[in-house]
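**Student:** got a predicted structure here, sequence first:
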Amino acid sequence: MEGEEILLEHVDMVDSEIERCIGQRRFPSQLYNMMKYHLGWVDEKFKETKRYRGKRFRPTLCLLSYKAISGVYDKALPAAAAIELIHNFSLIHDDIEDMDEQRRHRPTVWKLWGIPHAINVGDGMHVLANLCALRLREVNVTDAKIVDVLEILNKTVMELCEGQFLDMEYEKRIDITINMYLKMISKKTAALIEASTHIGAILATENRKIIEKFRLFGHNIGMAFQIIDDIIGIWGKEEKTGKPKASDIRNRKKTLPIIYAMEKTKKNDKKFLTNVYKRSKKIREEDISRILEILEKYGAREFSIKIAKEYEKKALENLNKTGLENSSIEKLKKITEFITSRKY
């Protein structure tokens, strides 16, 4: 079974648990229908649809981490649903902050219903995540472990906010270093992926060494995930990503390929990049073409792939150090491989 198949295997399981949380609340119906729209369950007229719902990558990591240790899924499902809701509330807010009009080949929530409604939908989804996590009581998880889970989730949301703040601030600056960038993505992206494997392990065992190895596995896979996203954000194909070509360049995102190029370029190339990223006007198509040429000239794509592979290696090393060997561990390895080779 390949990585994408493993992710698809868990989508219905995760969505059923989220539906259990959302389904308990019915009024005002449009608020919850907008959440269902963002999750990919309904279309913009709130009719059921079979469209692509996303990878459900983070909750799958939580479920497989739990199962790798315990042999079952049961007590991890409410936490996995909470993780997915946190991820999606952050996406709704990200779309507003980046003014992205498309996600998963469809108009974003703010584009259809306006920014005020989208903020409210995102906030509501955040609260629902905590309510989902509290359902751990119903599957006989101890109060002490529930507190641990809620602490990780809420600390992670704070890190997401910190990472998003840095990401937006970096758009205004041209002095961003690779180390500054890595610190930013450790908060913006890796924190929630780290929380996924960390929570899965905490729910399954008291063994602190095993829990720590799963946490580090998640952290490193999260770093690799974002770097691959950076590559896709510049070179990904529109029909695959659902976003315009070179969307990260259009948004002046200081992603790893751009930061690397800014450090390595000389004279005219450096001056050009600096001027484009300082300029307040919309980036022109001819500027995008020139930036792509500069990135290729200095090997920015190859460098970024190399760094992603280094994090992939660290992730797998930590997974191996758990000493566990079973089908769930093998699935986690397949997902790791998928993450660092994906095109969308």
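**Tutor:** Okay, I see it. Residues are numbered from 1 along each chain as shown.
**Student:** what is the mean pLDDT for stretch 299-310?
**Tutor:** For stretch 299-310, mean pLDDT is 96.
**Student:** then stretch 119-133?
**Tutor:** On average, the pLDDT along stretch 119-133 is 97.
**Student:** with stretch 270-282 instead?
**Tutor:** 85.
**Student:** buried residues in it, which are they?
**Tutor:** 273, 276-277 (16 or more other C-beta atoms under 10 Å). C-beta coordinates here come from the backbone N, C-alpha and C atoms, glycine included.
**Student:** what's near enough to touch Glu101?
**Tutor:** 107-108, 111 (C-beta atoms under 8 Å, 6 or more residues apart in numbering).
**Student:** just the pLDDT at it, thanks.
**Tutor:** For Glu101, the pLDDT comes out at 89.
**Student:** do the same with Ile199
**Tutor:** At Ile199, the model reports a pLDDT of 98.
**Student:** for the stretch 101-250 of the chain, which segments are assigned as helices?
**Tutor:** 109-113, 115-134, 143-170, 178-188, 190-204, 208-235, 238-241, 247-250 (DSSP state H, counting those that start in this stretch).
**Student:** dump these into CSV; add mean neighbour count and distance to Leu31 as well.
**Tutor:** Converted to CSV, the helices of the stretch 101-250 of the chain look like this (neighbours: other C-beta atoms under 10 Å; distance: least, C-beta to C-beta, whole Å):
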stretch, mean neighbour count, distance to Leu31
helix 109-113, 20, 10
helix 115-134, 19, 6
helix 143-170, 16, 20
helix 178-188, 18, 27
helix 190-204, 27, 24
helix 208-235, 22, 29
helix 238-241, 13, 29
helix 247-250, 20, 29
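**Student:** any chance of the ones you listed in JSON lines, plus distance to Lys45?
**Tutor:** Listed next are the helices of the stretch 101-250 of the chain as JSON lines, based on distance: least, C-beta to C-beta, whole Å:
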{"stretch": "helix 109-113", "distance to Lys45": "10"}
{"stretch": "helix 115-134", "distance to Lys45": "16"}
{"stretch": "helix 143-170", "distance to Lys45": "31"}
{"stretch": "helix 178-188", "distance to Lys45": "33"}
{"stretch": "helix 190-204", "distance to Lys45": "31"}
{"stretch": "helix 208-235", "distance to Lys45": "30"}
{"stretch": "helix 238-241", "distance to Lys45": "24"}
{"stretch": "helix 247-250", "distance to Lys45": "27"}
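**Student:** out of those helices, flag the one nearest Lys313.
**Tutor:** Smallest distance to Lys313 across these (C-beta to C-beta): 8.3 Å, for helix 208-235.
**Student:** tell me the mean pLDDT for that closest one?
**Tutor:** The average pLDDT within helix 208-235 is 97.
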